[in-house]
Structure formats: C-alpha cells, structure tokens
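*Asks:* Just a sequence and a predicted model for now, questions to come.
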Amino acid sequence: MEKIRQTLRDSAAARWTALAVVAFTMLCGYYLTDVVAPLKGLLEGKLGWGSSDFGFFNSAYGWFNVFLGMLIVGGIILDKMGVRFTGLMATIIMVCGTIIKFWAISTHSLDGQVWKVLWFEAPAQVFIAGLGFAIFAVGVEVAGITVSKIIYKWFKGKELALAMGLEMATARLGTGLAIATAVPIAKAFGVVDVSRPILLALILLCIGLLSFVMYMFMDKKLDASEVQKTQAEMDEDAFKISDIFKIITNKGWWYIAILCVLFYSAVFPFLKYATDLMINKFGVSEELAGTIPSMLPFGTILLTPFFGNLYDRKGKGATIMIIGSLLIIAVHALFSVPFLHHWIMAIILILVLGVGFSLVPSAMWPSVPKIIPEKQLGTAYALIFWVQNWGLMGVPALIGWVLEKYCITGQVVRDGLTVNTYNYTLPMLIFTGFGVLALIFAFLLKIEDKKKGYGLQLPNIVK
Ligand SMILES: N[C@@H](Cc1c[nH]cn1)C(=O)NCC(=O)O
C-alpha cells in the first residue's frame, strides 16, 4: 500500500504556531486601524477636527485601495509572487503609513493651514494624517488577504473555519484593545496628547513586522516539506489575468462580495462612531465610553472560533450568515429608538451585535474557497476586500456628513474643551438599512448555493 506522505502542515503544532504568528501581525494592524476612533471628541476639542473632518479622515482607509485599485494589485501580486514576498511588503507598508500618520498628528507645523483638494476642504493635518492612514490601509488589507491564503495553505481539509475564526478573534483583540485604551493613553500623565496612542500602535506594528519575518522561515520549511510540482503543473496553476474575468462572472462570488460590503458597512464604520454614540445617547463619561463598544470585539474573540468550529463540523454556512444579518438589523434598529437610552441597554445591544459580528465572518471567509479555486484565491479575496473597501471608505464619510448636517443638538464643555452634541437616530437608521440589504444578499447566496451545489451548507472537515 502506498504510504501517505507527511508534510509540515500535518503537524498540528506547526500549523497552529504558524497561525499564532501571523495572527499576531494582524492584531497589531487592527490596533492601528481603530485606535483613532475613540479619540473623536478629543480630536474635536484639541485639534479642531469637526465630524466631517473625522469622517473624511476615516474614509482615507479606502482612498488607495479603492481608487488606485491597490487591493487588486496586491491580490495579483499575492497569486504571482506568493505569501512571503507579499506579506513582507504589506507589513512594511503598514509601518510606513503609520509613521506619516503619527507625524501629522504630533506636529505643529501644519497648524492653521486649510487645504482644498478636488471637492474636499479640510485642515492640512487631516489630509496628511489621512494620507498616512490610506497608505497603512493598503498594507493592512493586503496583509489580510495574504493571511487568509496562508491559513488556507496550512489548514485546507482540516480545521479551516476554526483557524480563520481564531485569526479574526486575535485580530479583533487588537480592535478591542484600541477602543478600550486609546482615550486613557491619550489622557495619561495629566497631559492630553492624541498622538500617544498612535505612537504605541507604531511600536506594536514594528513587532508585528518582526513576527511576520519569523513566519517567513516557517513558510519556507512548509514549501520544502511538500511534494515539488512539475513545471507543467506550475504552468497550469499559475495565475492568469483572465482568471479575474472568471471570478467576476461568478454569481456566487458577487453575492458574497455584496453581502460583505453591506454587512461590514454596518459594523466597522459603526465602531468608529460607537464611542461617541455612548457619550451622546447613553450619557457615558468620556473615560468609560470606549469600554462598552470594546466589548464587541472582545465578545467575538470566543464566538468567532466557536461558530467557525461549528461550520467546520456541521456545515450550514449560508444559514449562519442569514442569522448573523438578522441580529445586526435588530441591534441597529433598537439603537435608533430614542427612548432606549439606558447604558445597560447599550451593553446588551453591543453584546448581541458581537454575536452577529461573529456569525457572518466565521462562515463568510471560509466559504470563498468553496466557490473559487485555490490558484485564484488571493485575487478573489482581494476583489472582495476591494468591494468591501467602498463601504469602509464611503460609510464613515457619509455618517460624519449626516451628523454634522442633520444631527447637531447643541454644545457642551468637556474637560475644558467645547464640543458639539449629536442625536444618533438617523445614523443608526442608516446602519439598520445596511443590515436589511445584507440579509437580502445572504438569502440570495443560499439560493445560489442550492442551485450550483457549492457545498456552503456542508462541513469543511474532510473525513
Ligand atoms: N478587509 C478587512 C477590513 C478590516 C477592518 N479592520 C481591519 N481590517 C476585513 O474585513 N477583515 C476581516 C474581519 O472580519 O476582520
């Protein structure tokens, strides 16, 4: 009988270690992604950033990813050059973008300057900080797709959804820590300094870069342990530009991509404003306001791998995405009800949102390899992230604009700084709308799965 060849991925210790190392890099990236969000009030009081400046800055996340197609370029590079080269480039880009962002927020040399670029007018500081954030975002998004491919490489036919869930859980620890610690760090030592949390994020990212370099050695070892492909097999597997056409003509892929942009538009942009919502609607103090939204990512840390494991073993991926979308709608609709303003209600809703935010991603990302072949996977993930980035770019800007135009209710003095107060009913109704549309696409995906037999309702583990 032929002996089954063992590779490094057959060693549980090796594959879980590889996962831990790359997940840590993502944690560092997610920390920086969200560290500025809880500082909205301090940025307004200390640096004079209005709600639309804040929204404009947050929209920078998608500037290069969307308009320059950097995510698509990153996906093609990933499929052509492999995970080691692409991941290293992505982490270096994250560090470079953060250096620019830190400089913009800590310097006084831009004070008093207002720039107009195309239709946008904002303080020079907002533009430069946005530029840094936009560069960082190219890095973190390409790192994200690279890590998805790395996980597939190590876990295909094994605990794929659990591994993806654990990676997301670790990354979200970064989001939770960012939301919970940004204001206390900015206010530490009795002097308010909004650049301090960004400096910490920069240090973390440098450690994340070292962590990825460590992974590169593991990846080399994995490749060496696998059966070497023949030239003909490599030519057959090589990514071709025509593969993009194959991906974008796949209806199932489109349903996942649209569900992704709608679902994430109801969550990540919400998190940017969640601290401010706690202060304005639920009357929580500025110091504690980040604690409640930070329960969202912390809650997902256990649940995302839990639902991933469930999907691995029992299947029902499409149904999981439908239930997750339903929860998101319920939570945002209840957040929009004006008389529900007790902080306990806020905690309950955030916890339920955490369940929804665990359900959809735990099933969505491991479902992509069921629809798209492995050689196109990097590009397929990149294209989904590209569609998603329209939402991550547009929705924060939209909410900032809506707040400033329709929702200002007055002004208060907090810690000696005069800031606006806001009514969040309209923004929360907008988030509810995204949830409703996401639900429709989750149903369409389930129908398409039934037609095409992708196996989204089947377990991932091959016995
Ligand atoms: N494309 C990323 C977006 C993101 C937001 N913050 C950091 N990255 C993504 O969707 N990642 C998957 C996830 O569920 O976190």
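*Replies:* Looks like it came in fine. Numbers count the residues shown, from 1 in each chain.
*Asks:* Would you check how far apart the residue lying closest to Arg313 once chain neighbours are set aside and Gly165 are?
*Replies:* Leaving aside its sequence neighbours, Arg313 sits nearest to Pro459 (C-beta to C-beta, 6 or more residues apart in numbering; 5.5 Å). Heads up, the C-betas are built off the backbone N, CA and C, glycines and all. Distance of Pro459 to Gly165, given as C-beta to C-beta, to the nearest Å: 14 Å.
*Asks:* ditto for Phe441
*Replies:* With C-beta to C-beta as the criterion, Phe441 and Gly165 are 21 Å apart.
*Asks:* How many residues are close by the residue in the stretch 201-350 of the chain that the ligand sits nearest to?
*Replies:* For the stretch 201-350 of the chain, the residue closest to the ligand is Phe268, as judged by C-beta to the nearest ligand atom, at 5.1 Å. Neighbour count of Phe268, defined by other C-beta atoms under 10 Å: 21.
*Asks:* what residues does the stretch 351-463 of the chain put near the ligand?
*Replies:* Pro361, Phe385, Gln388 (C-beta under 6 Å from any ligand atom).
*Asks:* How about the stretch 51-200 of the chain?
*Replies:* So far as C-beta under 6 Å from any ligand atom goes, the stretch 51-200 of the chain lies against the ligand at Val140, Glu141, Gly144, Met168, Ala171.
*Asks:* So among those, where is pLDDT lowest?
*Replies:* On pLDDT alone, Met168 ranks lowest of those, at 92.
*Asks:* Could you look up the SS state of Met110?
*Replies:* No Met there; residue 110 is Leu. coil (DSSP: H, G, I helix; E, B strand; the rest coil).
*Asks:* Now do the contacts for it.
*Replies:* Ala104, Pro123, Ala124, Gln125, Ile128 (C-beta atoms under 8 Å, 6 or more residues apart in numbering).
*Asks:* So which of the residues you listed belong to helices?
*Replies:* Of the contacts of Leu110, the ones assigned to helices by DSSP state H are Ala104, Ala124, Gln125, Ile128.
*Asks:* so what pLDDT did the nearest residue to Leu202 once chain neighbours are set aside get?
*Replies:* The spatially closest residue to Leu202, leaving aside those adjacent along the chain, is Thr98, at 4.8 Å (C-beta to C-beta, 6+ apart). As predicted, Thr98 sits at a pLDDT of 98.
*Asks:* Let me see the contact set for Thr98.
*Replies:* Contacts of Thr98 by C-beta under 8 Å, 6+ apart are Leu32, Gly132, Phe136, Ile198, Ala201, Leu202, Leu205.
*Asks:* For the helix or strand containing it, buried residues please.
*Replies:* Assigned by DSSP states H and E, Thr98 falls within helix 83-106. Within helix 83-106, the residues that qualify as buried are 83-84, 86-91, 93-105, counting by 16 or more other C-beta atoms under 10 Å.
*Asks:* that older thread, so can I have a markdown table of the residues of the stretch 351-463 of the chain next to the ligand showing neighbour count?
*Replies:* Formatted as a markdown table, those follow (neighbours: other C-beta atoms under 10 Å):
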| residue | neighbour count |
| --- | --- |
| Pro361 | 26 |
| Phe385 | 24 |
| Gln388 | 25 |
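*Asks:* Give me the subset of those lying in helices.
*Replies:* Pro361, Phe385, Gln388.
*Asks:* What residues does the first one make contact with?
*Replies:* Residues near Pro361 by C-beta under 8 Å, 6+ apart: Gly165, Met168, Thr304.
*Asks:* so Tyr273, which of the three states?
*Replies:* Applying three-state DSSP: Tyr273 is helix.
*Asks:* Which element, helix or strand, includes the nearest residue to it once chain neighbours are set aside?
*Replies:* Setting aside the residues directly before and after it, Tyr273 is nearest to Ile399 in space (C-beta to C-beta, 6+ apart), at 5.9 Å. With elements taken from DSSP H and E, the one containing Ile399 is helix 377-406.
*Asks:* Which strands or helices does that helix pack on?
*Replies:* helix 51-59, helix 70-81, helix 124-155, helix 242-248, helix 251-265, helix 268-280, helix 343-371, helix 425-452 (3 or more C-beta pairs under 8 Å, 6 or more residues apart in numbering; DSSP states H and E).
*Asks:* chain center to it, what's the gap?
*Replies:* Offset of helix 377-406 from its chain centre (C-alpha atoms, centre = their mean, to the nearest Å): 11 Å.
*Asks:* Equivalent analysis for stretch 285-297, please.
*Replies:* With C-alpha atoms, centre = their mean, you get 18 Å for stretch 285-297.
*Asks:* outside of it, which residues touch it?
*Replies:* Contacts of stretch 285-297 (C-beta under 8 Å, 6+ apart): 38, 41-42, 172-173, 175-177, 179-184, 187, 271, 274-276, 278-279, 282, 284, 343, 346-347, 350-351, 353-354, 357, 414-415.
*Asks:* Buried ones among the residues you listed?
*Replies:* Using 16+ other C-beta under 10 Å as the threshold, 38, 41-42, 172-173, 175-177, 179-183, 187, 271, 274-276, 278-279, 282, 284, 346-347, 350, 353-354, 357 are the buried ones among the contacts of stretch 285-297.
*Asks:* what about Ala363, distance to Leu351?
*Replies:* Counting by C-beta to C-beta - Ala363 and Leu351 are separated by 20 Å.
*Asks:* wait, isn't Ala122 in contact with Gly55?
*Replies:* No: judged on C-beta atoms under 8 Å, Ala122 makes no contact with Gly55 at a distance of 10.1 Å.
*Asks:* These two: who's more crowded?
*Replies:* Gly55 (25 against 19).
*Asks:* OK, contacts around the closest residue to that one other than its chain neighbours?
*Replies:* Spatial nearest neighbour of Gly55, chain neighbours left out: Gly400 (1.9 Å); criterion: C-beta to C-beta, 6+ apart. Residues in contact with Gly400 (C-beta under 8 Å, 6+ apart) are Ser51, Ser52, Asp53, Phe54, Gly55, Phe56, Asn58.
*Asks:* what's the closest of those residues to the ligand?
*Replies:* Closest to the ligand, out of all of the contacts of Gly400 and judged by C-beta to the nearest ligand atom, is Asn58, at 11.2 Å.
*Asks:* That closest one: neighbour count?
*Replies:* So Asn58, with other C-beta under 10 Å, has 27 neighbours.
*Asks:* mind listing what it touches?
*Replies:* Asn58 touches Val36, Ala37, Phe133, Pro269, Lys272, Pro396, Ala397, Gly400, counting by C-beta under 8 Å, 6+ apart.
*Asks:* what about Pro459 and Gly165, which has more around it?
*Replies:* Using other C-beta under 10 Å as the criterion, Pro459 and Gly165 rank with Gly165 on top: 30 against 16.
*Asks:* Quick check on Trp115: phi, psi?
*Replies:* phi -110, psi 150 (degrees, to the nearest 10).
*Asks:* Give me the distance between the closest residue to Ile77 other than its chain neighbours and the ligand.
*Replies:* Spatial nearest neighbour of Ile77, chain neighbours left out: Thr86 (5.3 Å); criterion: C-beta to C-beta, 6+ apart. Distance check for Thr86 against the ligand: by C-beta to the nearest ligand atom, to the nearest Å, it reads 15 Å.
*Asks:* Give me the three-state assignment for Gln457.
*Replies:* Going by three-state DSSP: Gln457 is coil.
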